[in-house]
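Engineer: test case, fold it:
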Amino acid sequence: MTQIQNTIQPATRIGTVEEYYFSIKLKELDKLRKQGKQIINMGIGNPDLQPAPQVLEELNKQSIAEGNHGYQSYIGIPELREAISTWYAQNYSVNLNPVNEVLPLMGSKEGIMHIMLAFVNPGDGVLVPNPGYPTYASVSKIAQANLIQYDLDEDNNWLPNLDELEQSDLSRVKLMWINYPNMPTGANADADFFKRVIDFGRKHNIVIVNDNPYSFILNDAPQSIMQIEGAKEVAIELNSLSKSHNMAGWRVGMAVSNPEFIQYILRVKSNMDSGMFKPLQLAAAKALSLGSDWYNTVNAEYRKRRVLVYEIMDLLNCSYDLNQTGMFVWARIPDSYADSGELSDEILYGCDVFITPGFIFGSKGEKYIRISLCTNQTVLEEAKQRIIAIKNN
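Structural biologist: A predicted model of the protein is given here:
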(Lines give C-alpha, C1' and ligand atoms only; values in the text may rest on other atoms or scores of the structure.)
Protein backbone atom coordinates (compact mmCIF):
# COMPACT_ATOMS: atom_id res chain seq x y z
CA MET A 1 0.00 0.00 0.00
CA THR A 2 1.29 3.43 -0.95
CA GLN A 3 1.66 5.75 2.05
CA ILE A 4 0.07 9.14 1.47
CA GLN A 5 2.34 12.09 2.27
CA ASN A 6 0.54 14.52 4.56
CA THR A 7 1.41 18.07 3.60
CA ILE A 8 -0.63 19.70 6.35
CA GLN A 9 1.72 21.21 8.92
CA PRO A 10 0.88 22.01 12.56
CA ALA A 11 1.04 25.48 14.05
CA THR A 12 4.53 26.84 14.61
CA ARG A 13 3.97 26.79 18.38
CA ILE A 14 3.84 22.98 18.33
CA GLY A 15 7.49 22.98 17.36
CA THR A 16 8.39 24.86 20.56
CA VAL A 17 7.11 22.20 22.96
CA GLU A 18 7.36 18.45 23.32
CA GLU A 19 5.03 15.89 24.84
CA TYR A 20 5.09 16.13 28.64
CA TYR A 21 7.93 14.05 30.11
CA PHE A 22 5.70 11.96 32.36
CA SER A 23 3.33 11.24 29.48
CA ILE A 24 6.25 9.77 27.54
CA LYS A 25 7.74 7.97 30.55
CA LEU A 26 4.44 6.34 31.52
CA LYS A 27 4.28 4.80 28.04
CA GLU A 28 7.78 3.41 28.52
CA LEU A 29 6.91 1.98 31.94
CA ASP A 30 3.76 0.42 30.50
CA LYS A 31 5.82 -1.18 27.72
CA LEU A 32 8.23 -2.64 30.29
CA ARG A 33 5.30 -4.04 32.28
CA LYS A 34 3.95 -5.72 29.14
CA GLN A 35 7.36 -7.39 28.84
CA GLY A 36 6.79 -8.89 32.28
CA LYS A 37 8.70 -6.35 34.35
CA GLN A 38 7.26 -5.57 37.78
CA ILE A 39 7.90 -1.83 37.63
CA ILE A 40 7.65 0.28 40.76
CA ASN A 41 6.92 3.90 39.88
CA MET A 42 8.18 6.33 42.53
CA GLY A 43 8.10 9.30 40.18
CA ILE A 44 4.78 11.08 39.89
CA GLY A 45 3.04 12.98 42.69
CA ASN A 46 -0.26 11.16 42.22
CA PRO A 47 -1.87 10.68 45.68
CA ASP A 48 -2.81 7.04 46.27
CA LEU A 49 -4.80 7.74 49.44
CA GLN A 50 -8.56 8.20 49.42
CA PRO A 51 -10.39 11.49 49.86
CA ALA A 52 -12.22 11.83 53.18
CA PRO A 53 -15.28 9.52 53.53
CA GLN A 54 -17.65 12.45 54.00
CA VAL A 55 -16.42 13.94 50.73
CA LEU A 56 -17.19 10.73 48.85
CA GLU A 57 -20.59 10.54 50.56
CA GLU A 58 -21.37 14.09 49.47
CA LEU A 59 -20.43 13.30 45.87
CA ASN A 60 -22.64 10.20 45.84
CA LYS A 61 -25.57 12.02 47.42
CA GLN A 62 -25.40 14.98 45.06
CA SER A 63 -24.87 12.80 41.98
CA ILE A 64 -28.32 11.21 42.34
CA ALA A 65 -30.10 14.44 43.24
CA GLU A 66 -32.37 15.87 40.56
CA GLY A 67 -31.24 19.01 38.77
CA ASN A 68 -27.51 18.56 39.34
CA HIS A 69 -26.48 17.38 35.88
CA GLY A 70 -26.82 20.48 33.75
CA TYR A 71 -24.31 23.10 32.70
CA GLN A 72 -22.90 25.13 35.55
CA SER A 73 -21.72 28.70 35.86
CA TYR A 74 -18.24 29.54 34.61
CA ILE A 75 -17.47 31.19 37.94
CA GLY A 76 -18.37 28.15 40.05
CA ILE A 77 -21.33 27.66 42.35
CA PRO A 78 -21.66 30.05 45.34
CA GLU A 79 -21.17 27.18 47.81
CA LEU A 80 -17.72 26.40 46.42
CA ARG A 81 -16.62 30.04 46.22
CA GLU A 82 -17.77 30.55 49.81
CA ALA A 83 -15.90 27.40 50.90
CA ILE A 84 -12.69 28.61 49.24
CA SER A 85 -13.02 32.00 50.91
CA THR A 86 -13.62 30.42 54.33
CA TRP A 87 -10.73 27.98 53.83
CA TYR A 88 -8.35 30.86 53.07
CA ALA A 89 -9.56 32.79 56.11
CA GLN A 90 -9.22 29.86 58.49
CA ASN A 91 -5.92 28.45 57.23
CA TYR A 92 -4.05 31.47 55.86
CA SER A 93 -5.75 34.40 57.66
CA VAL A 94 -6.54 35.86 54.23
CA ASN A 95 -9.86 37.58 53.57
CA LEU A 96 -11.27 37.03 50.08
CA ASN A 97 -14.56 38.21 48.66
CA PRO A 98 -16.15 34.99 47.35
CA VAL A 99 -18.10 36.94 44.75
CA ASN A 100 -15.23 38.43 42.78
CA GLU A 101 -11.83 37.46 44.29
CA VAL A 102 -12.14 33.68 43.88
CA LEU A 103 -12.32 31.67 40.66
CA PRO A 104 -12.70 27.86 40.79
CA LEU A 105 -10.71 26.04 38.09
CA MET A 106 -10.61 22.56 36.58
CA GLY A 107 -7.29 22.02 38.31
CA SER A 108 -4.60 24.63 38.82
CA LYS A 109 -2.68 23.39 35.75
CA GLU A 110 -5.55 24.75 33.67
CA GLY A 111 -5.11 28.06 35.47
CA ILE A 112 -1.50 28.33 34.31
CA MET A 113 -2.63 28.51 30.70
CA HIS A 114 -5.53 30.84 31.46
CA ILE A 115 -3.30 33.28 33.33
CA MET A 116 -0.69 33.24 30.60
CA LEU A 117 -3.23 34.02 27.89
CA ALA A 118 -4.91 36.66 30.04
CA PHE A 119 -1.76 38.70 30.74
CA VAL A 120 1.02 37.92 28.27
CA ASN A 121 1.31 39.11 24.68
CA PRO A 122 3.68 37.46 22.18
CA GLY A 123 7.17 38.73 22.92
CA ASP A 124 6.45 39.73 26.52
CA GLY A 125 8.96 38.45 29.06
CA VAL A 126 8.00 35.71 31.52
CA LEU A 127 10.27 34.80 34.44
CA VAL A 128 10.33 31.03 34.99
CA PRO A 129 12.24 29.16 37.74
CA ASN A 130 15.05 26.71 36.99
CA PRO A 131 14.50 24.11 38.37
CA GLY A 132 10.75 24.40 38.18
CA TYR A 133 7.48 22.81 37.12
CA PRO A 134 7.92 22.20 33.36
CA THR A 135 4.45 23.55 32.53
CA TYR A 136 5.51 27.12 33.35
CA ALA A 137 8.04 26.99 30.53
CA SER A 138 5.95 25.05 28.03
CA VAL A 139 2.92 27.30 28.42
CA SER A 140 5.16 30.35 28.02
CA LYS A 141 6.37 28.92 24.73
CA ILE A 142 2.86 28.13 23.54
CA ALA A 143 1.87 31.74 24.32
CA GLN A 144 4.91 32.88 22.27
CA ALA A 145 6.32 34.71 25.26
CA ASN A 146 9.99 35.51 25.76
CA LEU A 147 10.97 32.79 28.23
CA ILE A 148 13.47 34.12 30.80
CA GLN A 149 14.73 31.49 33.20
CA TYR A 150 15.99 32.51 36.63
CA ASP A 151 18.16 30.15 38.62
CA LEU A 152 17.30 28.63 41.97
CA ASP A 153 20.31 27.40 43.94
CA GLU A 154 20.59 25.10 46.92
CA ASP A 155 22.94 27.53 48.70
CA ASN A 156 20.19 30.19 48.57
CA ASN A 157 17.51 27.80 49.88
CA TRP A 158 16.13 27.52 46.32
CA LEU A 159 14.86 31.11 46.39
CA PRO A 160 15.19 33.59 43.51
CA ASN A 161 18.07 36.04 43.76
CA LEU A 162 15.98 39.19 43.45
CA ASP A 163 19.01 41.47 43.70
CA GLU A 164 20.50 39.74 40.67
CA LEU A 165 17.21 39.99 38.77
CA GLU A 166 17.15 43.73 39.51
CA GLN A 167 20.33 44.10 37.46
CA SER A 168 18.72 42.62 34.32
CA ASP A 169 16.51 44.30 31.74
CA LEU A 170 12.98 43.93 33.08
CA SER A 171 11.35 46.49 30.81
CA ARG A 172 9.29 43.93 28.87
CA VAL A 173 8.77 41.38 31.64
CA LYS A 174 5.07 40.94 32.32
CA LEU A 175 4.81 37.96 34.64
CA MET A 176 6.87 35.92 37.12
CA TRP A 177 6.14 32.37 38.24
CA ILE A 178 7.05 31.33 41.77
CA ASN A 179 6.06 28.15 43.60
CA TYR A 180 6.34 27.90 47.40
CA PRO A 181 6.38 25.45 49.03
CA ASN A 182 8.56 24.59 46.08
CA MET A 183 8.30 21.71 43.68
CA PRO A 184 10.61 19.93 42.99
CA THR A 185 12.97 21.03 45.78
CA GLY A 186 10.61 21.07 48.79
CA ALA A 187 12.02 24.44 49.89
CA ASN A 188 9.82 26.85 51.80
CA ALA A 189 9.66 30.62 51.64
CA ASP A 190 9.11 32.96 54.56
CA ALA A 191 7.04 36.13 54.87
CA ASP A 192 10.12 38.28 54.29
CA PHE A 193 10.68 36.71 50.86
CA PHE A 194 7.03 37.08 49.92
CA LYS A 195 7.16 40.76 50.91
CA ARG A 196 10.31 41.30 48.83
CA VAL A 197 8.87 39.59 45.76
CA ILE A 198 5.64 41.60 46.04
CA ASP A 199 7.69 44.80 46.24
CA PHE A 200 9.66 43.59 43.21
CA GLY A 201 6.47 43.04 41.24
CA ARG A 202 5.00 46.41 42.18
CA LYS A 203 8.21 48.24 41.33
CA HIS A 204 8.48 46.71 37.84
CA ASN A 205 4.77 46.21 37.03
CA ILE A 206 5.23 42.44 36.96
CA VAL A 207 2.38 40.07 37.85
CA ILE A 208 3.61 37.64 40.52
CA VAL A 209 1.94 34.23 40.38
CA ASN A 210 2.48 31.86 43.30
CA ASP A 211 1.53 28.25 42.58
CA ASN A 212 0.66 26.91 46.02
CA PRO A 213 -0.68 23.32 45.98
CA TYR A 214 1.74 21.84 48.54
CA SER A 215 1.29 24.05 51.59
CA PHE A 216 -0.54 21.42 53.67
CA ILE A 217 1.79 18.48 52.96
CA LEU A 218 4.38 17.91 55.72
CA ASN A 219 4.37 21.64 56.42
CA ASP A 220 3.67 22.90 59.93
CA ALA A 221 2.94 26.49 58.88
CA PRO A 222 0.90 26.83 55.66
CA GLN A 223 1.40 30.21 54.00
CA SER A 224 -0.19 32.21 51.23
CA ILE A 225 1.40 35.08 49.35
CA MET A 226 -1.93 36.85 49.87
CA GLN A 227 -1.03 37.28 53.53
CA ILE A 228 1.35 40.07 52.51
CA GLU A 229 -0.04 43.59 52.60
CA GLY A 230 -0.64 44.84 49.07
CA ALA A 231 -0.29 41.39 47.51
CA LYS A 232 -3.71 41.50 45.87
CA GLU A 233 -2.64 44.50 43.81
CA VAL A 234 -0.01 42.59 41.88
CA ALA A 235 -0.26 38.87 42.74
CA ILE A 236 -2.33 35.85 41.80
CA GLU A 237 -2.27 32.62 43.76
CA LEU A 238 -3.15 29.21 42.40
CA ASN A 239 -4.20 26.48 44.79
CA SER A 240 -5.60 23.00 44.46
CA LEU A 241 -7.33 20.11 46.20
CA SER A 242 -5.23 17.56 44.29
CA LYS A 243 -2.49 17.11 46.87
CA SER A 244 -4.02 18.47 50.07
CA HIS A 245 -7.24 16.43 49.82
CA ASN A 246 -6.19 13.42 47.69
CA MET A 247 -8.41 14.60 44.84
CA ALA A 248 -5.96 14.80 41.92
CA GLY A 249 -8.28 13.17 39.38
CA TRP A 250 -11.19 15.38 40.38
CA ARG A 251 -9.51 18.42 38.79
CA VAL A 252 -10.49 21.06 41.33
CA GLY A 253 -8.31 24.12 41.68
CA MET A 254 -8.68 27.83 42.22
CA ALA A 255 -7.21 31.22 41.46
CA VAL A 256 -7.45 34.06 43.96
CA SER A 257 -6.58 37.70 43.39
CA ASN A 258 -8.14 41.13 43.02
CA PRO A 259 -11.47 41.41 41.13
CA GLU A 260 -9.87 42.92 38.02
CA PHE A 261 -7.30 40.14 37.64
CA ILE A 262 -9.96 37.49 38.27
CA GLN A 263 -12.12 39.03 35.56
CA TYR A 264 -9.24 38.90 33.06
CA ILE A 265 -8.71 35.20 33.78
CA LEU A 266 -12.44 34.55 33.55
CA ARG A 267 -12.57 36.06 30.06
CA VAL A 268 -10.13 33.39 28.89
CA LYS A 269 -11.62 30.55 30.92
CA SER A 270 -15.20 31.19 29.81
CA ASN A 271 -14.14 30.84 26.19
CA MET A 272 -12.20 27.62 26.74
CA ASP A 273 -14.29 25.44 29.08
CA SER A 274 -17.48 25.25 31.11
CA GLY A 275 -18.36 25.00 34.77
CA MET A 276 -17.47 21.89 36.75
CA PHE A 277 -19.98 19.13 37.48
CA LYS A 278 -22.14 20.49 40.33
CA PRO A 279 -21.93 17.40 42.61
CA LEU A 280 -18.15 17.57 42.28
CA GLN A 281 -18.17 21.22 43.32
CA LEU A 282 -20.38 20.47 46.33
CA ALA A 283 -18.08 17.61 47.37
CA ALA A 284 -15.08 19.92 46.97
CA ALA A 285 -16.78 22.43 49.27
CA LYS A 286 -17.19 19.63 51.80
CA ALA A 287 -13.48 18.78 51.49
CA LEU A 288 -12.50 22.39 52.20
CA SER A 289 -14.55 22.29 55.42
CA LEU A 290 -12.44 19.47 56.91
CA GLY A 291 -10.59 20.34 60.09
CA SER A 292 -6.97 19.90 61.10
CA ASP A 293 -7.53 16.21 61.93
CA TRP A 294 -7.74 15.49 58.20
CA TYR A 295 -4.37 17.05 57.40
CA ASN A 296 -2.78 15.46 60.47
CA THR A 297 -3.91 11.98 59.41
CA VAL A 298 -2.63 12.36 55.87
CA ASN A 299 0.68 13.78 57.03
CA ALA A 300 1.18 11.00 59.58
CA GLU A 301 1.22 8.50 56.71
CA TYR A 302 3.51 10.67 54.58
CA ARG A 303 5.98 10.94 57.48
CA LYS A 304 6.24 7.17 57.70
CA ARG A 305 6.80 6.93 53.97
CA ARG A 306 9.38 9.67 54.04
CA VAL A 307 11.52 7.68 56.48
CA LEU A 308 11.69 4.86 53.93
CA VAL A 309 12.47 7.29 51.11
CA TYR A 310 15.31 8.73 53.17
CA GLU A 311 16.66 5.19 53.59
CA ILE A 312 16.49 4.69 49.81
CA MET A 313 18.31 7.97 49.24
CA ASP A 314 20.97 6.86 51.71
CA LEU A 315 21.43 3.61 49.81
CA LEU A 316 21.98 5.67 46.65
CA ASN A 317 24.50 7.87 48.51
CA CYS A 318 22.39 10.95 47.84
CA SER A 319 22.28 13.98 50.13
CA TYR A 320 19.08 15.81 51.09
CA ASP A 321 17.64 18.53 53.31
CA LEU A 322 15.63 17.24 56.27
CA ASN A 323 13.65 20.49 56.37
CA GLN A 324 12.05 20.15 52.94
CA THR A 325 8.25 20.00 52.72
CA GLY A 326 5.69 18.64 50.27
CA MET A 327 5.08 15.14 48.91
CA PHE A 328 8.51 14.53 47.40
CA VAL A 329 12.07 14.07 48.57
CA TRP A 330 14.61 16.00 46.50
CA ALA A 331 18.21 14.86 46.78
CA ARG A 332 21.62 15.55 45.26
CA ILE A 333 23.20 12.61 43.47
CA PRO A 334 26.79 11.44 44.04
CA ASP A 335 29.49 13.05 41.91
CA SER A 336 30.25 9.64 40.40
CA TYR A 337 27.22 10.03 38.12
CA ALA A 338 27.35 12.37 35.12
CA ASP A 339 23.77 13.46 35.68
CA SER A 340 20.46 12.41 37.21
CA GLY A 341 19.41 10.57 34.06
CA GLU A 342 22.29 8.13 34.45
CA LEU A 343 21.30 7.25 38.02
CA SER A 344 17.60 7.06 37.15
CA ASP A 345 18.25 4.70 34.25
CA GLU A 346 20.59 2.54 36.32
CA ILE A 347 17.84 1.97 38.90
CA LEU A 348 15.07 1.55 36.34
CA TYR A 349 16.83 -1.01 34.17
CA GLY A 350 18.75 -2.60 37.03
CA CYS A 351 15.95 -3.19 39.52
CA ASP A 352 12.70 -2.08 37.82
CA VAL A 353 12.27 1.02 39.98
CA PHE A 354 11.56 4.41 38.43
CA ILE A 355 12.91 7.55 40.14
CA THR A 356 12.40 10.98 38.57
CA PRO A 357 15.61 12.53 37.21
CA GLY A 358 15.92 16.18 38.16
CA PHE A 359 16.96 17.32 34.69
CA ILE A 360 13.31 17.36 33.60
CA PHE A 361 12.85 20.41 35.83
CA GLY A 362 15.66 22.35 34.17
CA SER A 363 19.44 22.47 33.95
CA LYS A 364 19.75 23.34 37.66
CA GLY A 365 18.18 19.97 38.46
CA GLU A 366 20.66 17.85 36.52
CA LYS A 367 22.48 16.73 39.66
CA TYR A 368 19.34 15.84 41.62
CA ILE A 369 16.67 13.15 41.75
CA ARG A 370 13.16 13.20 43.17
CA ILE A 371 11.12 10.44 44.82
CA SER A 372 7.39 10.76 45.38
CA LEU A 373 5.71 9.91 48.69
CA CYS A 374 2.63 8.68 46.80
CA THR A 375 3.68 5.05 47.16
CA ASN A 376 2.61 2.92 50.10
CA GLN A 377 5.08 1.64 52.67
CA THR A 378 4.97 -1.98 51.45
CA VAL A 379 5.93 -0.97 47.91
CA LEU A 380 8.60 1.45 49.14
CA GLU A 381 10.11 -1.35 51.23
CA GLU A 382 10.11 -3.59 48.14
CA ALA A 383 11.87 -0.88 46.14
CA LYS A 384 14.40 -0.51 48.93
CA GLN A 385 15.13 -4.25 48.96
CA ARG A 386 15.60 -4.30 45.19
CA ILE A 387 18.13 -1.49 45.43
CA ILE A 388 19.93 -3.27 48.26
CA ALA A 389 20.12 -6.38 46.07
CA ILE A 390 21.65 -4.54 43.10
CA LYS A 391 24.09 -2.69 45.37
CA ASN A 392 25.25 -6.00 46.87
CA ASN A 393 25.97 -7.57 43.48
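
Engineer: all strands of the protein, in order?
Structural biologist: Along the chain, the stretches classed as strands by DSSP state E are 40-41, 102-105, 125-130, 146-151, 173-178, 207-211, 235-240, 253-256, 319-320, 328-332, 353-354, 356-357, 368-372.

Engineer: name every strand pairing with the fourth one and say which way it goes.
Structural biologist: Within its sheet, and counting by DSSP bridges, strand 146-151 is paired with strand 125-130 (parallel).

Engineer: quick revisit: JSON lines for the strands of the chain, including distance to residue 390, mean neighbour count and mean pLDDT?
Structural biologist: Placement of C-beta: from N, CA and C, glycine included. Supplementary listing: these in JSON lines, determined by distance: least, CB to CB, whole Å; neighbours: other CB atoms under 10 Å; pLDDT from 0 to 100:
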{"stretch": "strand 40-41", "distance to residue 390": "13", "mean neighbour count": "21", "mean pLDDT": "87"}
{"stretch": "strand 102-105", "distance to residue 390": "43", "mean neighbour count": "24", "mean pLDDT": "96"}
{"stretch": "strand 125-130", "distance to residue 390": "32", "mean neighbour count": "23", "mean pLDDT": "97"}
{"stretch": "strand 146-151", "distance to residue 390": "34", "mean neighbour count": "17", "mean pLDDT": "95"}
{"stretch": "strand 173-178", "distance to residue 390": "38", "mean neighbour count": "24", "mean pLDDT": "98"}
{"stretch": "strand 207-211", "distance to residue 390": "36", "mean neighbour count": "25", "mean pLDDT": "98"}
{"stretch": "strand 235-240", "distance to residue 390": "36", "mean neighbour count": "26", "mean pLDDT": "97"}
{"stretch": "strand 253-256", "distance to residue 390": "39", "mean neighbour count": "27", "mean pLDDT": "96"}
{"stretch": "strand 319-320", "distance to residue 390": "20", "mean neighbour count": "15", "mean pLDDT": "96"}
{"stretch": "strand 328-332", "distance to residue 390": "18", "mean neighbour count": "24", "mean pLDDT": "97"}
{"stretch": "strand 353-354", "distance to residue 390": "9", "mean neighbour count": "24", "mean pLDDT": "90"}
{"stretch": "strand 356-357", "distance to residue 390": "18", "mean neighbour count": "25", "mean pLDDT": "92"}
{"stretch": "strand 368-372", "distance to residue 390": "16", "mean neighbour count": "26", "mean pLDDT": "95"}
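
Engineer: who wins for proximity to residue 91 among these?
Structural biologist: strand 235-240 (10.2 Å; CB to CB).

Engineer: just to revisit the earlier point, let me have the strands of the chain in CSV, extended by distance to residue 184.
Structural biologist: Below are the strands of the chain laid out as CSV (distance: least, CB to CB, whole Å):
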stretch, distance to residue 184
strand 40-41, 16
strand 102-105, 22
strand 125-130, 10
strand 146-151, 14
strand 173-178, 14
strand 207-211, 12
strand 235-240, 16
strand 253-256, 19
strand 319-320, 12
strand 328-332, 5
strand 353-354, 15
strand 356-357, 8
strand 368-372, 5
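
Engineer: residue 275 is nearest to which of the ones you listed?
Structural biologist: In terms of CB to CB, the element of the strands of the chain nearest to residue 275 is strand 102-105, at 8.2 Å.

Engineer: name the helices or strands packed onto that closest one?
Structural biologist: helix 78-92, strand 253-256, helix 259-269 (3 or more CB pairs under 8 Å, 6 or more residues apart in numbering; DSSP states H and E).

Engineer: domain boundaries for the chain, per the record?
Structural biologist: Split into domains by automatic domain parsing, the chain comes to 12-50+293-392, 68-288.

Engineer: hey, least reliable of these by pLDDT?
Structural biologist: Among the domains of the chain, domain 12-50+293-392 has the lowest mean pLDDT, at a mean of 89.

Engineer: circling back to that earlier point, and among the domains of the chain, the most buried is which?
Structural biologist: Compared across the domains of the chain, domain 68-288 shows the largest average neighbour count, a mean of 20 (mean count of other CB atoms under 10 Å).

Engineer: now that domain, how far from the chain's geometric center?
Structural biologist: Here the centre of mass of C-alpha atoms in domain 68-288, compared against the chain's by CA atoms, centre = their mean, to the nearest Å, lies 10 Å away.
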